[in-house]
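**Q** no sequence for this one, just the structure:
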């Protein structure tokens, strides 16, 4: 009963390095989301996907890239890490059946850029 | 104007009291509304969803929706110290691809 799985849980990056945050879900959900949460703040939508091969920008997409080649996986790529990208990143998925669009979250990835 | 607005708090209530959390949204076409609870260092978890005007009750929780006023609220009756958390309002925007947008959250502190 895995749900949404994110890896890694923690990561420290140096300025200018790149990395990929992994997210996979086993609920056959068509919608997947990436959010970031800065300390004491709410969730800001980075990118989302409505199905394999389809992605769209959210509220704060700059500095990130995504791809969705399968229903299960939705990786988030940081190409040139900056201190402003220090945050907790959450991946979520939902089935979008009618009005019921409940999102299920992964455990988060705590990223620090130094 | 923010798409989803909440007072950041903290909202402090005594144990046993009613906690009232409020949220407004800007997109009149929004169709689905959610309240998530987030404990410190944890992931958000869904506690209530509401889709039509009026009240929806689930145990100690009541969600209220008023689409004309673009307002959604959450009432927590008989508040317990374990209810102390951040409560996030989320709105599923309509039109094209649906986007799930969150407010900044309201921090609730229930004191014994």
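**A** Sure, I can see it. On a predicted model such as this, the values are computed, not experimentally measured, just so you know.
**Q** Please name the residues that touch residue A:32.
**A** Contact analysis of residue A:32 by C-beta atoms under 8 Å, 6 or more residues apart in numbering or on different chains lists A:23, A:25, A:48, A:49, A:68, A:74, A:91, A:92, A:93. Quick note: C-beta positions are derived from backbone N, CA and C, even for glycine.
**Q** Not counting sequence-adjacent ones, nearest residue to the second one?
**A** Think residue A:25. Setting aside the residues directly before and after it, residue A:25 is nearest to residue A:93 in space (C-beta to C-beta, 6 or more residues apart in numbering or on different chains), at 4.3 Å.
**Q** quick one: that neighbour is in a helix?
**A** No. Assessed with DSSP: H, G, I helix; E, B strand; the rest coil, residue A:93 is strand; it does not lie in a helix.
**Q** thought it was touching residue A:24?
**A** No. Applying C-beta atoms under 8 Å as the test, residue A:93 and residue A:24 come out as separate, 9.4 Å apart.
**Q** From chain B, how far off is residue A:100?
**A** Distance, residue A:100 to chain B, using C-beta to the nearest C-beta, to the nearest Å: 7 Å.
**Q** So what's the predicted local confidence for that residue?
**A** On the pLDDT scale, residue A:100 is placed at 72.
**Q** Isn't residue A:54 up against residue A:67?
**A** No. Under the criterion of C-beta under 8 Å, residue A:54 makes no contact with residue A:67, lying 10.7 Å away.
**Q** quick one: which of these two has more around it?
**A** Neighbours per residue (other C-beta atoms under 10 Å in any protein chain shown) separate residue A:54 from residue A:67, with residue A:67 holding more: 16 against 11.
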